[in-house]
Each structure stands twice: as C-alpha cells, then as structure tokens.
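Participant: Next one to model:
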Amino acid sequence: MTVQGKTALVAGGAKGLGRQIALGLAEAGFRIAVSYRTSGEEASRLVRELESRGVEAMAVQADVADPASLSGLVAQVEREMGGIDALVCSAGPFIRERRRFADYAPEEIRYLMETNLLYAMELTRLVLPGMRRRKWGRILHFGFAHAAEARAWPHRAVYAAAKVGLVSFTRTLAVEEAEHGITVNMICPGDIRGGNKERTIGEVRGLRDPESPRGRPGSGEDIARVAVFLCSPQSDFITGAVIDVSGGADPIRVWPLKDAPDGP
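Facilitator: Numbers count the residues shown, from 1 in each chain. A predicted model of the protein is given here:
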C-alpha cells in the first residue's frame with residue numbers, strides 16, 4: 001500500500017492522534033506537512049524524526065479558527081511541496097467538562113463550531129481545486145463514535161452538533177466530488193485518552209479498559225491504520241463512509257442530568 005510522489009497535510013498533526021497518522025502516512029510513502037497552533041516544539045520534533053527516516057516533511061503554524069491563516073497554510077504547503085493530495089482534518093478541541101447548552105457563552109459556542117466544523121469545511125474548500133486538477137484526492141474528517149446516528153448527547157450539545165453537521169458535509173461532498181477521483185470519508189474514534197493517542201497497538205495490548213468491550217484501550221495506531229488505508233489508492237471505491245474505530249464502546253452515555261459524572 002505504498003504511495004509515491006504525493007503530499008498529505010495533517011491539520012493538528014504535531015501531537016496526539018494526528019502525530020500517529022502523520023507517521024503512518026509517511027511510512028506509506030507520503031510527503032508530510034503538519035499544522036499546529038501552539039505545539040511548535042512537538043511539530044519540530046516530528047519533522048526531524050520524519051526527515052531522519054528520509055521523508056520530506058514540514059510544519060506550518062496555523063490557527064484553525066482563522067480562515068486567513070488556513071488560506072496561508074494551504075498556499076505555503078502547495079508552494080513548497082507542489083500540491084496537497086490528502087487532507088486529514090484531525091484538529092478539533094473536545095472539552096471534557098460536562099455542561100448544559102444553556103451554560104455556554106456565545107463565544108464558546110462559536111469557537112467550538114469553528115474549530116470542529118467550519119475549519120474542516122474551509123480547508124476542504126481550499127484543497128479541492130488542486131485535487132480536481134490532478135483527478136485524485138483523499139479527504140478525511142473526524143467525528144466521534146456513533147456520530148452518524150445523531151443521537152442526543154447531554155452536556156455535549158455544541159461539540160455533538162458540530163460533528164454531526166460534519167457527517168452530513170462529508171457524505172454530501174463525497175457524492176459531489178466522486179467524479180473527480182476524490183474520496184471523502186470520516187473516522188470516528190472511541191474515547192482514546194492521554195498518552196494512548198500516541199501509542200502503538202502493541203503498547204496498549206496488555207492494558208485493561210473496563211469500559212471497552214474489546215478489553216483494552218484504543219491507541220493512536222488503531223486510528224492511523226484506518227486513516228492510511230483511506231488515503232491509499234486501494235481505497236478508491238470507499239467514499240462517504242463514516243467508520244467507527246471504537247473497540248465497540250459507546251461514548252454517548254445519557255447520565256442522570258443532576259449528577260452526571262465528569263467523563264466522556
């Protein structure tokens with residue numbers, strides 16, 4: 001499943017799940033560009049690691065809440081790497097504090113929508129012309145397990161609304177861009193926490209997670225393996241798919257509203 005001469009842009013790729021995806025895509029043969037907002041040290045470390053493996057790589061600072069910054073990001077990557085063939089929108093904050101919608105401030109609502117939905121739409125818009133010219137493209141968005149069901153998720157109203165909206169956008173764009181050789185899919189991770197986002201399957205295999213039907217916690221590699229396949233030429237008939245990678249766990253737990261515990 002080797003790709004040669006193609007570039008992948010991983011938004012939010014300096015650390016966490018994005019980092020593992022960037023490493024996986026590099027191993028598959030992609031040139032790698034990662035964007036970051038504040039994680040400059042981690043981004044530089046990743047670029048050095050990739051370059052030590054013979055992979056062409058770059059890091060660009062960008063604010064996903066700023067359309068002008070996103071435009072500059074795409075322009076710089078296209079200028080220095082010749083185009084963007086695969087776009088991975090792995091950025092997007094998830095706030096663990098459980099809160100009713102009525103308790104959100106207007107600026108918090110706008111921020112969560114901008115950084116979980118609108119930025120992915122804007123980045124996608126920016127890369128489409130080049131992908132259309134080349135008649136080849138791979139676009140990956142990210143949701144949460146069971147996002148495609150649009151179920152109620154108390155205390156997560158804004159985040160859930162952004163990601164469920166992204167489901168519809170993903171499926172719509174997949175239909176619109178299929179004739180141009182562009183696939184658009186969504187990966188929906190389970191609740192992969194902390195350091196596990198950058199761990200391999202081997203590193204978490206011996207750990208226990210009582211909330212996971214699989215028995216072990218998820219890892220960044222679990223997500224990266226699916227992302228690499230969906231960005232490969234071999235996945236050209238898979239588009240508009242929303243794929244749960246959750247070990248069978250359901251993150252949407254409708255706790256009693258009065259005493260909801262702090263958790264996913």
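Participant: Contacts only, for Thr2.
Facilitator: 28-29 (Cβ atoms under 8 Å, 6 or more residues apart in numbering). (Each C-beta comes from the backbone N, C-alpha and C, glycine too.)
Participant: Find me the pLDDT at it, would you?
Facilitator: Thr2 is assigned a pLDDT of 70 by the prediction.
Participant: Tell me the spacing between it and Glu27.
Facilitator: 9 Å (Cβ to Cβ, to the nearest Å).
Participant: same check, this time on Ser69
Facilitator: For Ser69, the distance to Glu27 - Cβ to Cβ - is 29 Å.
Participant: ditto for Ile21
Facilitator: Ile21 is 11 Å from Glu27, by Cβ to Cβ.
Participant: For these two, list the residues in contact with both.
Facilitator: Val228.
Participant: Neighbour count: those two, which is higher?
Facilitator: Ile21 (30 against 15; other Cβ atoms under 10 Å).
Participant: which SS state does that one fall under?
Facilitator: Following DSSP: H, G, I helix; E, B strand; the rest coil, Ile21 is assigned to helix.
Participant: how about the strands in the chain?
Facilitator: Ranges of strands in the chain, per DSSP state E, are 7-11, 31-36, 57-61, 86-89, 137-142, 182-189, 242-245.
Participant: would JSON lines of those strands with distance to Gly206 be doable?
Facilitator: Output for the strands of the chain, formatted as JSON lines (distance: least, Cβ to Cβ, whole Å):
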{"stretch": "strand 7-11", "distance to Gly206": "28"}
{"stretch": "strand 31-36", "distance to Gly206": "30"}
{"stretch": "strand 57-61", "distance to Gly206": "32"}
{"stretch": "strand 86-89", "distance to Gly206": "29"}
{"stretch": "strand 137-142", "distance to Gly206": "27"}
{"stretch": "strand 182-189", "distance to Gly206": "21"}
{"stretch": "strand 242-245", "distance to Gly206": "20"}
